[in-house]
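In: could you work out the structure for the sequence below:
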Amino acid sequence: MALIRPTEATTSVRRRTGPGRAVALLVLVGLAALIPLLGPSVAAHGTGEAATADSGVVALLRALLFAALCVQVGELFAAGLARAVPGAPPGRPVGWAPYAAVVGFAAAATAGELAPHGHGSRGGVLALLEAVAFAVAGLCALTRRPNRQAWPLAAVILAEALRAHPPTESAPLVGSGLTVVHLTCSALWAGGLLSVLRTLRGWEGSEAGAALLGLYARVAAVLFAGVTVTGLCSSLRRMPSDTVLDQLTTTAYGRVLLAKVLVVGAVALLALWARTRLRRAPDPLTACSPARVEIVTLGVVVAVSGLLTALPLPVKG
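Out: This is a model prediction of the structure:
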């Protein structure tokens, strides 16, 4: 099937809507930043817990780190999917990985400085390792073999998993293993969808676009299962089953976790809507509409995840 070339009229429409999309994106990013910044005090209200002075900043830094990781991992994932599509157009969107690496580097380095005892502590050393790994990944993204980013990005995920589960907790390696799987699946899911949608804009009018979206949807179902199972297991490790219902409403951590579950549920419904359109609609690419809403909602999930990491863990009882 021949590619449909955009007409002069559609090109002018795109140029007019370009600034509007940029403004809308900045507004959404600003609103998402309020979740980690204001979230600690809001979540702790009425629980008897006190948010630390820098908890909002730490939550924002974690959200930026997760967002940068999603962008870089997602670009690698989408590029691999595109290569698997028969007859795929050669065009690829301009990579955001180098810019994401700068954001990830700054977020990790600053978070390390805010850690207790700074970069000399275990958390500070792991944050410094994350910063270095982001820097290496950014350099790899600028080379002719951007796939080499996979190794430093894996180091980021491993360091973050170790940071989230210090040796003082029960079975820290089990918790770190769950976090590795959870982070990997989450980054592939959210970042992959963002990069796939960006790729489809350059493939407009091509049958390969529907094939790419369908291929992503099949893999995303497995990724969603991985996120759900590991998230459930991690939650039960921190909030035993006999106290989980109570702590979901009486602790800051539980409240934010409950909010995250609800938002992820909304994402799942949007993904199901997109999948239904992809399989049944006369034009499969109409699935892009709910998919765009899905990626915005996934951005909220990333912001809430950053907030969750800055809150005190509930007391087991």
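In: alpha carbons only for contacts and neighbour counts from here, please
Out: Fine.
In: just the helices in this structure please.
Out: Assigned by DSSP state H, the chain shows helices spanning 8-44, 55-83, 97-114, 122-141, 150-164, 172-202, 207-238, 244-250, 252-280, 288-309.
In: where in this protein is the helix or strand with the lowest mean pLDDT?
Out: helix 8-44 (a mean of 71; mean pLDDT, DSSP states H and E).
In: could I get the helices of the chain as TSV with mean neighbour count and distance to residue 90?
Out: Converted to TSV, the helices of the chain look like this (neighbours: other C-alpha atoms under 10 Å; distance: least, C-alpha to C-alpha, whole Å):
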stretch	mean neighbour count	distance to residue 90
helix 8-44	15	20
helix 55-83	24	9
helix 97-114	23	19
helix 122-141	23	19
helix 150-164	20	22
helix 172-202	21	10
helix 207-238	18	11
helix 244-250	17	49
helix 252-280	19	23
helix 288-309	22	21
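In: need the ones you listed in a markdown table with distance to residue 89, can you?
Out: Converted to a markdown table, the helices of the chain look like this (distance: least, C-alpha to C-alpha, whole Å):
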| stretch | distance to residue 89 |
| --- | --- |
| helix 8-44 | 19 |
| helix 55-83 | 9 |
| helix 97-114 | 21 |
| helix 122-141 | 21 |
| helix 150-164 | 24 |
| helix 172-202 | 9 |
| helix 207-238 | 8 |
| helix 244-250 | 48 |
| helix 252-280 | 20 |
| helix 288-309 | 18 |
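In: of all those helices, which one comes closest to residue 91?
Out: helix 172-202 (6.6 Å; C-alpha to C-alpha).
In: looking at that closest one now, give me its mean pLDDT.
Out: The average pLDDT for helix 172-202 rounds to 95.
In: by contact count, what packs against it?
Out: Using 3 or more C-alpha pairs under 8 Å, 6 or more residues apart in numbering; DSSP states H and E as the contact test, the elements touching helix 172-202 are helix 55-83, helix 150-164, helix 207-238, helix 288-309.
In: for residue 109, which of the ones you listed is the nearest?
Out: helix 55-83 (9.5 Å).
In: ok and that closest one relative to helix 172-202, angle-wise?
Out: Counting by axes from the mean of the first three to the mean of the last three C-alpha atoms, to 10 degrees, helix 55-83 lies at 60 degrees to helix 172-202.
In: on contacts alone, who are the packing partners of helix 55-83?
Out: helix 8-44, helix 97-114, helix 150-164, helix 172-202, helix 207-238, helix 288-309.
In: now the helices and strands packed on helix 172-202 in TSV, with distance to residue 139?
Out: Formatted as TSV, the helices and strands packed on helix 172-202 follow (distance: least, C-alpha to C-alpha, whole Å):
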stretch	distance to residue 139
helix 55-83	12
helix 150-164	10
helix 207-238	27
helix 288-309	25
